[in-house]
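Next one to model:
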Amino acid sequence: MKRNYIAAVLVLLLSVFCQTVVSQNIIMGSQPLVGDIDDFVREFYDPGGIPGNPGANADPNGYFATNLRDTMTLRVNMSNCVLYALFEEFAMTEGDTLWIFDGANCQAPLIGAYNLVSSPGEVIATGKNMTFVFHSDGEELQGLTEGWIAKVYAYDTLPSSVNFGDGYIYNTTCLAEFYDPGGPNGNIGTNNYNSSGTEFVNFTSPLGTHIKCVFSQFSVNGIMKIYDGQFADPNKRLIGQFCTSTLDASTGNKPPVLFSSGNTLSFVYVGSSGDASKPGWHATITCVPELFESPDGSACPSVVISPTGFYEDSPDYDIIDFDCSNPTVMLKATVTATGNYTNDYTVKQIPYDENNMLFAYNQGNGIGATSDDSWLSGVQLPFTFVFFGKPYTTVYPGTNGLISMSPQSGYCTYSYQQPATTPPYSTIPYVYKNTVYGVYEDIDCRYYTNKNDGLGMGNVRVGVLGSYPCRAFVFNYLNVGLYGLTSNSTGSQYQNYNTYQMVLYEGTNIIDVYVKHRKCCATTNSSGEGIIGLHNSTSSQILLAPGRGMSSWNADNEAWRFTPITPYDENAEITWYVNSVSPANIISHDAHASRHHPSPGTYP
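Below you'll find the model as predicted:
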């Protein structure tokens, strides 16, 4: 039996597939051997099956029966492949257990025994066979016997080799070794580089999941451009431009570990004559079925109770839906960690709801500004915030709408510079590296308006707000004027006040920008441009909110969220409690973290 909820599985899922064409179904116990696992993805269900495709007990809801003793062996029939299983949903009670063996029978080595919410997650056989044994107990509660859903398919153990410029433009694969035009052993060469920037290579996941790229070597004289999406797609996003001047020791002078937010990464190399003596690059391409999803609601890494009384995820976990008409033991879950990587981000507009904002615009400590265009003293954080792959415990606010991760002091410029499109990057784009552009504009923080009583001293505040595990650095601007539009006379200048907020969250490393009101116009020192975006420490990666670059834009009641593109942390865990959250009430941990509850036991 199982509790009627969907349990979140936090695991780094690196999947390798031969090829995916269609889906077929396998129901546990329907036959002793399924020996035709090949290049089709097959859905593998518990003995109850699913609604519309029930198991032997023909329950219309797909619930499995009591007192089952089922055994099934799955076998791959393709060369160079082993059997792969990915459990996407898994939950049952303590009296029900699934054993998985690495071989053709239950005398093979035991991979593990699983019950409660201890999902097997990703399981890879050492050979072509896995054997599954499932026992259910004699108890039954209506609506509490759903079981599991898994995918099984062939796992290709031989990576393909792809050299840039050799004609392998479109690669549908989840395991490849990617080299410069000289291949694994040669230099890039004098005539093998692409100086026009029109040649490209795509890597696409055959399952529509996500591509992961890890560089083990990178020595070039030109520039590597990496895109999130198909190169031919006009909506592809430039992740970064990597060359000698945009790399540093923190990533081993290579591009960082990168993931596609969709199912494709594409690569363009613009070479240089100096490539004749350069050894080039080597990158390993794999697949990640699941990424940390950008939430629309709270960016805090915690489980909350919704107004309807159901337990809901926040920010990234499935709804835990209890049937309250049946006697159940209420569970609570705590969540720790979200992902290991912050090397790249997605940006999206999220709903603006001032009533549900965690922090108000008047919270924090006033900076008491008596001068314009200045950097404030560093603010110590009680948590570590990771930005473009590097950890920070001090941030440096700038009065023109900036939060820098690097030490800053003195003058904070109000002017901007467009980024260079080709190397060498002699000019720093937008002036400040390693920085969050909250709304980077020519603010005069000495003045603000309440739109009724004229102008007064600045209303800019900073602070570390909230409580563990949802503390945040918050930078607030409340009714602050633009430089050159701060006279005490009444009139149209009162439209040019600015109210916005920047938030750096503990745990998730998410960055939010809330804009209640931004009215731009030409000032004495600028044309009213404003920038919302991120800039890494080497200028190789710059991400701007759409329509919020170097332009004169207005906004009311909008919000933007920058979320790290990362798989779930493989060392993260969910802890389930009975009735209340306390060490005495722990009943289960996620199977991919350290367990503190008794093992489900060995196979009898």
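
Just give the closest residue to Leu258, not the sequence neighbours.
Cys213 (5.0 Å; Cβ to Cβ, 6 or more residues apart in numbering). Heads up, the C-betas are built off the backbone N, CA and C, glycines and all.

Can I take it that that neighbour is in a strand?
Yes: applying DSSP: H, G, I helix; E, B strand; the rest coil, one finds Cys213 inside a strand.

That one: what's it in contact with?
Phe178, Phe203, Ile226, Pro255, Val257, Leu258, Phe259, Leu265, Ala283, Thr284, Ile285 (Cβ atoms under 8 Å, 6 or more residues apart in numbering).

How about the residue nearest to the fourth one when sequence neighbours are not counted: which residues does it bridge to?
Counting by Cβ to Cβ, 6+ apart, Phe242 is the residue found nearest to Pro255 once chain neighbours are left out, at 4.5 Å. Beta bridges link Phe242 to Met224 when assigned by DSSP bridges.

Verify the stated contact: Thr246 with Ser539.
Yes: between Thr246 and Ser539 there is a contact under Cβ atoms under 8 Å: 5.7 Å.

coming back round to it: and the pLDDT at the residue nearest to Leu258?
At Cys213, the model reports a pLDDT of 98.

cool, and Ile586?
65.

repeat for Gly507
Gly507 is given a pLDDT of 87.

That one in helix, strand or coil?
coil.

looking at it, it is touching Phe383, isn't it?
Yes: Gly507 is within contact range of Phe383, at 7.5 Å (criterion: Cβ under 8 Å).

doesn't Asn476 fall inside a helix?
No: read with three-state DSSP, Asn476 is strand and lies in no helix.

Grab the nearest non-local neighbour of it.
Nearest one to Asn476, counting by Cβ to Cβ, 6+ apart, is Arg461 at 4.4 Å.

partner residues bridging the one you found?
So, taking DSSP bridges as the rule, Arg461 has Gly366, Asn476 as bridge partners.

what residues are up against Ile149?
Counted by Cβ under 8 Å, 6+ apart, Ile149 has contacts Glu43, Phe44, Tyr45, Ile50, Phe87, Glu88, Glu89, Phe90.

Most neighbours among those, please name it.
Phe90 (25 neighbours; other Cβ atoms under 10 Å).

Run through the bridge partners of that one.
Going by DSSP bridges, Phe90 forms beta bridges with Trp148.

Break down the stretch 501-604 of the chain into its strands, ranges please.
511-518, 531-535, 542-544, 555-564, 573-578, 586-589 (DSSP state E, counting those that start in this stretch).

Mind giving me the packing neighbours of the shortest one?
The reference is to strand 542-544. Packed against strand 542-544 by the contact rule (3 or more Cβ pairs under 8 Å, 6 or more residues apart in numbering; DSSP states H and E) you find strand 345-350, strand 531-535.

Off-centre distance for it?
16 Å (Cα atoms, centre = their mean, to the nearest Å).

Over to stretch 471-490?
33 Å.

same deal with stretch 236-246?
With Cα atoms, centre = their mean, you get 20 Å for stretch 236-246.

for the stretch 151-300 of the chain, what spans make up the strands?
Under DSSP E, counting those that start in this stretch, the stretch 151-300 of the chain gives strands at 160-163, 170-172, 175-179, 201-204, 210-219, 223-228, 237-242, 258-259, 264-270, 280-288.

Relative to Asp373, which of those strands is closest?
Among the strands of the stretch 151-300 of the chain, the nearest to Asp373 by Cβ to Cβ is strand 237-242 (29.8 Å).

Can you point out the buried residues in that closest one?
Residues of strand 237-242 classed as buried by neighbour count (16 or more other Cβ atoms under 10 Å): Arg237, Ile239, Gly240, Gln241, Phe242.

And the pLDDT for the fourth one?
The per-residue pLDDT reported for Gln241 equals 91.

ok, it - contacts?
Ile223, Met224, Lys225, Pro423, Ser540.

ok, 7 Å please
Neighbour list for Gln241: Ile223, Lys225, Ser540 [criterion: Cβ atoms under 7 Å, 6 or more residues apart in numbering].

More neighbours: which of Gly507 and Phe383?
Using other Cβ under 10 Å, the more surrounded residue of Gly507 and Phe383 is Gly507, with 22 against 17.

Roughly how far does the residue nearest to Asn476 sit from Asp248?
Using Cβ to Cβ, to the nearest Å, Arg461 is found at 34 Å from Asp248.

Who has more neighbours out of these two?
Neighbour count, other Cβ under 10 Å: between Arg461 and Asp248, Arg461 has more, with 21 against 13.

And the strands of the stretch 501-604 of the chain: which comes nearest Asp96?
Going by Cβ to Cβ, the one of those nearest Asp96 is strand 586-589, 13.0 Å.

re earlier: looking at the buried residues of strand 237-242, which one is closest to Pro391?
Gly240 (20.0 Å).

who touches the closest one in this structure?
Per Cβ under 7 Å, 6+ apart, neighbours of Gly240: Ile226, Pro255, Ser540, Gln541.

Serialize those residues to CSV and add fields for distance to Tyr414, pLDDT and neighbour count.
Output for these, formatted as CSV (distance: Cβ to Cβ, whole Å; pLDDT from 0 to 100; neighbours: other Cβ atoms under 10 Å):
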residue, distance to Tyr414, pLDDT, neighbour count
Ile226, 32, 96, 24
Pro255, 32, 96, 24
Ser540, 25, 90, 24
Gln541, 24, 92, 24
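
for the stretch 301-450 of the chain, what are the low-confidence residue spans?
Scanning the stretch 301-450 of the chain for pLDDT under 70 picks out the ranges 301-337, 369-371, 417-429, 447-450.

With the stretch 1-150 of the chain instead?
1-23, 140-145.

ok, the residue nearest to Gly165 when sequence neighbours are not counted to Thr71 distance?
Leaving aside its chain neighbours, Gly165 sits nearest to Pro181 (4.4 Å; criterion: Cβ to Cβ, 6+ apart). Look at Pro181 and Thr71: by Cβ to Cβ, they are 53 Å apart.
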